[in-house]
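Colleague: Here's a sequence, model it:
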Amino acid sequence: MNVETGSTKNMDSNPLNTPSWKQFYRKPDTLQLPFSLPLANCDEAFTCEKILRLLPKKRIVFNGTWKGQEAVLKLFIQPGRAAIHFEREKAGIQALMESGTPTPQLLHHGHTQRERIP
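Modeller: So this is what the prediction gives:
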């Protein structure tokens, strides 16, 4: 599972529960918001507050907070294809930046803390 972006609180101090990978993949319409999503190599989790876009079994885009600022998180969830979709997204952002097209800054990229959500 690959992600772009991050959170506002340490998962240990945040009472919001992270849904299981199965729920993200099979029943994303049942997610109870808000919740925290811990990220690998990051001290703070991303707090998912609203679903902006849902592509079932492929990607979920959340609005939320990370490190005290509003941010958007793209969660790539398709088994065997998440890394490919993530790399394409990253290449697209880089191409936009190189062309001078105004593009939001990529704040973080990588995996969830356990690579596959618990």
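Colleague: all helices for the protein, in order.
Modeller: 21-26, 82-98 (DSSP state H).
Colleague: so which of those helices is the most packed in?
Modeller: Using mean count of other C-beta atoms under 10 Å, the stretch among these with the largest mean neighbour count is helix 21-26, at a mean of 16. C-betas here are computed from N, CA, C, even on glycine.
Colleague: For the top strand by length along the chain, which strands pair with it and how are they oriented?
Modeller: The strand spanning the most residues in the chain, taking DSSP state E as the definition, is strand 46-55. Paired neighbours of strand 46-55 in the sheet (DSSP bridges): strand 35-37 (antiparallel), strand 59-66 (antiparallel).
Colleague: Point to the helix or strand of this protein where mean pLDDT is at its lowest.
Modeller: Counting by mean pLDDT, DSSP states H and E, the weakest-scoring helix or strand in the chain turns out to be strand 2-4, with a mean of 50.
Colleague: mind checking which of the strands paired with strand 46-55 is nearest Gly100?
Modeller: strand 59-66 (24.6 Å; C-beta to C-beta).
Colleague: quick one: contacts for the nearest residue to Pro104 once chain neighbours are set aside?
Modeller: Closest residue to Pro104 apart from its sequence neighbours, by C-beta to C-beta, 6 or more residues apart in numbering: Val72 at 7.4 Å. By C-beta atoms under 8 Å, 6 or more residues apart in numbering, the contact list for Val72 reads 5, 52, 61-64, 104.
Colleague: Next, format the residues you listed as a markdown table and append pLDDT.
Modeller: Formatted as a markdown table, those follow (pLDDT from 0 to 100):
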| residue | pLDDT |
| --- | --- |
| Thr5 | 49 |
| Leu52 | 97 |
| Val61 | 96 |
| Phe62 | 96 |
| Asn63 | 97 |
| Gly64 | 97 |
| Pro104 | 87 |
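Colleague: That'll do, ta.
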